[in-house]
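J.: below: sequence and its predicted model.
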Amino acid sequence: MPYKQIEYSQISQSTSNESPIIFTTELGNTILEIQGDLILPEFEPSILDDDPEIANKYLKISNRTFIKIGKLEIDEISKKATLYIGTSQRLLGDIKSINPPLALLKFPNDKGETDQNIKLIDVIKNKIIFSGRPLPIM
Amino acid sequence: MTLSNYDIVADVQLDNSYKVIELPIEILNILQDGKEELLQIKSLDENSDIVLCSENKTYQIKQRNHSNTVLVMSNDNDDVLYGFTKLNSVFECHEIEGSIDINNIQIYNGQDIDKSQNNIEILKLNSLISKNQFDLKWNELNGSSIDEIPIILSKNFITKSLHILIMNLLANNYSIDNDKFSLIQCFNLIKFDLNPISIDIVKTILIKFSSINQDKELIFQLNKLKISKWYGIISLEKYCFNNSIPINEFLINWKSEFPPFCPSLIDLNLLKGSYFISSRDEIRYISSNLPPNINDRLNYLFNLQKNWDLIDLIPFIEEFNTKNINFEKFIVKFAKRQKIGTNKFIISSR
């Protein structure tokens, strides 16, 4: 690498004002942290179109496939969050400020982007953190 | 209670090209103020440090791994949060001085140079240091250039150039103490006596021996203190490198190094950290190339002389006192301290 420039022109406006939105940035990004391992599938299942039960766990948007993790409930006033995973587990969490704030960087990949600059996508000042053990859903 | 509900989904093919970095306050201000400043990430090779540089500061980047699940998600004004990358680490930033790798830079002694090497702008871009810190550090290293090719001026060449510059100024009835000179004026004065010489070499010499110059017109005033210190170190290296000589003899030698009629300041305080005085009132040179570890350095110094006055010892160890602790307290962690007067301490090995 010897050196790469960081492009940041697109984010200057979004970081200049204090946003009323707590848990996402003005560009709509946020960090969700769980103290533990959340095992996600590394490949899209090949039988997605054939099995409705498996297909129900996924969401297809244009040519991308997303796995459904759960539902998030946010109370922006008390800065509390609840994450429901599947039908049997919930996690209690908080919206916390990150100090120092984090810059989200996108590095050029090896697939034809090696000449490109590093892009500073966003500055993230808050995150949703779930530090406790999962609780059952009754 | 104002509750918002979102579906959480994650891309099956997470993009691993994203990283997060802790933002130093100075970089955050650049981003928030919308300044147009060059920000860069640099490294020399796969094994070197990686640094983040603004125009004025340099930060070493270290990777802190963690075992938590950290998903970065985006929201497109709907009720779904889309996870697009999972992070296993955070980059931390630690402010450092920055460095310039001078291993392949030619030492200039007045000879013809190899012009096939990279130019100085490429050296600046490739060095692990910010743009403005580079200029200061480059000057400290006696760095200069000829036809944009970076060179390091040798001590002999600097001494010779300074000598010729002072002689020419005095011959033209200028006052070293009071007059100010432009870069081009000085270049024209010495270009025939020091051929080949570039304007950048003259600028390096002038910056090295002038008072801090913030004038964009490049007007310099020579600094008697800096000139005297230079000739003092040269004299220490020349006359007391491996042997001690009486202080008075050294002071005469120091004075004789100056060009004739050049104003001088002969004061050993200028050379603190470069010599020690034995119990027989003899002076000996101590090279700046001392052991990098404080314990090894103190051992080396105590081998030269068993007992040190704290005031004489401070210049050799002050770089280790990063928290600016009072030296009387700082030294007891490494050596024995004995108080012999109101403010006088004798330091010896444990």
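T.: Nice, I can see it.
J.: show the model's pLDDT score for the residue most central in space within chain A.
T.: Against the mean C-alpha coordinate of chain A, by Cα atoms, centre = their mean, the closest residue is A:Ile31 at 4.9 Å. Note on A:Ile31: pLDDT of 95.
J.: quick one, what contacts B:Asn56?
T.: Neighbour list for B:Asn56: B:Glu26, B:Ser130, B:Lys131, B:Asn132, B:Gln133 [criterion: Cβ atoms under 8 Å, 6 or more residues apart in numbering or on different chains]. The way it works is simple: take the backbone N, C-alpha and C, and place the C-beta from them, glycine included.
J.: now the strands for chain A?
T.: Assigned by DSSP state E, the strands in chain A fall at A:3-7, A:29-34, A:58-61, A:64-75, A:80-85, A:89-106, A:118-130, A:135-136.
J.: including distance to B:Asn172, could those strands go into TSV?
T.: Shown next, in TSV, are those (distance: least, Cβ to Cβ, whole Å):
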stretch	distance to B:Asn172
strand A:3-7	45
strand A:29-34	66
strand A:58-61	79
strand A:64-75	76
strand A:80-85	78
strand A:89-106	56
strand A:118-130	53
strand A:135-136	88
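J.: which ones are touching the residue nearest to the centre of chain A?
T.: A:Ile98, A:Leu102, A:Ile124, A:Lys127, A:Ile128, B:Val20, B:Val70, B:Leu71, B:Val72, B:Met73.
J.: about what we covered before: closest to B:Leu52 out of the strands of chain A?
T.: strand A:3-7 (8.1 Å; Cβ to Cβ).
J.: now do the buried residues in the closest one.
T.: By 16 or more other Cβ atoms under 10 Å in any protein chain shown, the buried positions in strand A:3-7 come out as A:Tyr3, A:Lys4, A:Ile6.
J.: near chain B too, which of these?
T.: Filtering those for proximity to chain B (criterion: Cβ under 8 Å from any Cβ of the partner chain) leaves A:Tyr3, A:Lys4, A:Ile6.
J.: between the residues you listed, which is closest to B:Asp45?
T.: A:Tyr3 (12.1 Å).
J.: give the contact list for B:Asn119.
T.: B:Ser145, B:Glu148, B:Ile149, B:Pro150.
J.: export the ones next to chain B among the buried residues of strand A:3-7 to CSV and tack on pLDDT?
T.: Formatted as CSV, those follow (pLDDT from 0 to 100):
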residue, pLDDT
A:Tyr3, 84
A:Lys4, 88
A:Ile6, 92
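J.: ok, back up a step: now, of the contacts of A:Ile31, which are buried?
T.: Buried, going by 16+ other Cβ under 10 Å: A:Ile98, A:Leu102, A:Ile124, A:Lys127, A:Ile128, B:Val20, B:Val70, B:Leu71, B:Val72, B:Met73, out of the contacts of A:Ile31.
J.: so the fourth one makes contact with A:Asn29?
T.: Translated: A:Lys127. No - here A:Lys127 does not reach A:Asn29: they are 10.5 Å apart, not a contact under Cβ atoms under 8 Å.
J.: which stretches of chain A have low pLDDT?
T.: A:1, A:12-21, A:47-50, A:138 (pLDDT under 70).
J.: the closest residue to B:Ala10 other than its chain neighbours: which element?
T.: Spatial nearest neighbour of B:Ala10, chain neighbours left out: B:Gly83 (3.4 Å); criterion: Cβ to Cβ, 6 or more residues apart in numbering or on different chains. Here B:Gly83, judged by DSSP states H and E, is contained in strand B:80-96.
J.: list the buried residues for the helix or strand just after that strand?
T.: Proceeding N to C from strand B:80-96, the next assigned helix or strand is strand B:106-108, under DSSP H and E. Buried residues in strand B:106-108, counted by 16+ other Cβ under 10 Å: B:Gln106, B:Tyr108.
J.: now do residue 51: how many residues are near it, please.
T.: Picked chain A for this. 11 (other Cβ atoms under 10 Å in any protein chain shown).
J.: you looked at the wrong chain, it should be chain B
T.: 25.
J.: what's the end-to-end length of stretch B:290-299?
T.: 11 Å (Cα to Cα, to the nearest Å).
J.: name the residues that touch that stretch?
T.: B:Tyr300, B:Phe316, B:Ile317, B:Phe320, B:Phe334, B:Ala335, B:Ser349.
J.: for the fifth one, what are its contacts?
T.: Right, B:Phe334. By Cβ under 8 Å, 6+ apart, the contact set of B:Phe334 is B:Ile294, B:Asn295, B:Leu298.
J.: again, 10 Å this time
T.: For B:Phe334, the contacting residues are B:Ile294, B:Asn295, B:Arg297, B:Leu298, B:Asn299, B:Ile317, B:Phe320, B:Ile347, B:Ser349, B:Arg350, by Cβ atoms under 10 Å, 6 or more residues apart in numbering or on different chains.
J.: one step back: can I get the buried ones among the contacts of A:Ile31 in JSON lines with distance to A:Thr65?
T.: Listed next are these as JSON lines, based on distance: Cβ to Cβ, whole Å:
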{"residue": "A:Ile98", "distance to A:Thr65": "30"}
{"residue": "A:Leu102", "distance to A:Thr65": "27"}
{"residue": "A:Ile124", "distance to A:Thr65": "25"}
{"residue": "A:Lys127", "distance to A:Thr65": "26"}
{"residue": "A:Ile128", "distance to A:Thr65": "24"}
{"residue": "B:Val20", "distance to A:Thr65": "25"}
{"residue": "B:Val70", "distance to A:Thr65": "21"}
{"residue": "B:Leu71", "distance to A:Thr65": "16"}
{"residue": "B:Val72", "distance to A:Thr65": "18"}
{"residue": "B:Met73", "distance to A:Thr65": "16"}
